[in-house]
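Student: Any chance you can model this:
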Amino acid sequence: MNDIKKYAAMAKLTLTDAKTTKATELCAALFESFDALADINTDNIEPMYTVLDMQNIFREDITKKIYTRDQLLAYAPIKKDEYFQVPKTI
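Tutor: Numbering: from 1, shown residues only. Okay, here's the model as predicted:
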């Protein structure tokens, strides 16, 4: 119960005694379920990164030129030489 009060104070929460008791009970139940998971032998189990049976779903990264520099610079409100000119930022 002291841990719940400490965490509540760190989060700047004001909990009544009833809510503190309820939170303590919920945390105890959660820790019990973690203890049950810790008892499972996972020595020869390969880690899973996803439960779905799929391989690399990303497309191949192929570059292709769609626009020329002149076409892109035609949309620039302000340009200097062959570049977009933007306001200075600090």
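Student: which other helices and strands contact the longest helix along the chain?
Tutor: Secondary structure assigned by DSSP state H gives helix 17-38 as the longest helix of the chain. On a contact count with 3 or more C-beta pairs under 8 Å, 6 or more residues apart in numbering; DSSP states H and E, helix 17-38 meets helix 2-10. Every C-beta, even on glycine, is put in place using the N, C-alpha and C of the backbone.
Student: So which bits of the helix it packs on are buried?
Tutor: Using 16 or more other C-beta atoms under 10 Å as the test for burial, helix 2-10 gives residue 4.
Student: So what's the gap between it and the chain middle?
Tutor: Helix 2-10 sits 26 Å away from the centroid of its parent chain (C-alpha atoms, centre = their mean, to the nearest Å).
Student: Give me the angle between the longest helix of the chain and helix 2-10.
Tutor: 110 degrees (axes from the mean of the first three to the mean of the last three C-alpha atoms, to 10 degrees).
Student: average pLDDT across helix 17-38?
Tutor: Mean pLDDT, helix 17-38: 92.
Student: mind exporting the next helix or strand after it as PDB, just the C-alpha atoms?
Tutor: Sequence-wise, the next helix or strand downstream of helix 17-38 (DSSP states H and E) is helix 69-73. Only the C-alpha atoms of helix 69-73 are listed here, as PDB (Å, rounded to 0.1, in the frame of the first residue of the first chain):
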ATOM      1  CA  ARG A  69      14.900  19.800 -61.000                       C
ATOM      2  CA  ASP A  70      13.400  22.500 -63.200                       C
ATOM      3  CA  GLN A  71       9.900  21.100 -62.900                       C
ATOM      4  CA  LEU A  72      10.300  21.100 -59.100                       C
ATOM      5  CA  LEU A  73      11.700  24.600 -58.900                       C
END
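Student: Show residues contacting helix 69-73.
Tutor: Applying C-beta atoms under 8 Å, 6 or more residues apart in numbering, the external contacts of helix 69-73 come out as 79, 82, 84.
Student: nearest to residue 68, of these?
Tutor: Proximity of the contacts of helix 69-73 to residue 68 was ranked by C-beta to C-beta; the top entry is residue 82 with 11.2 Å.
Student: Alright, calling it a day.
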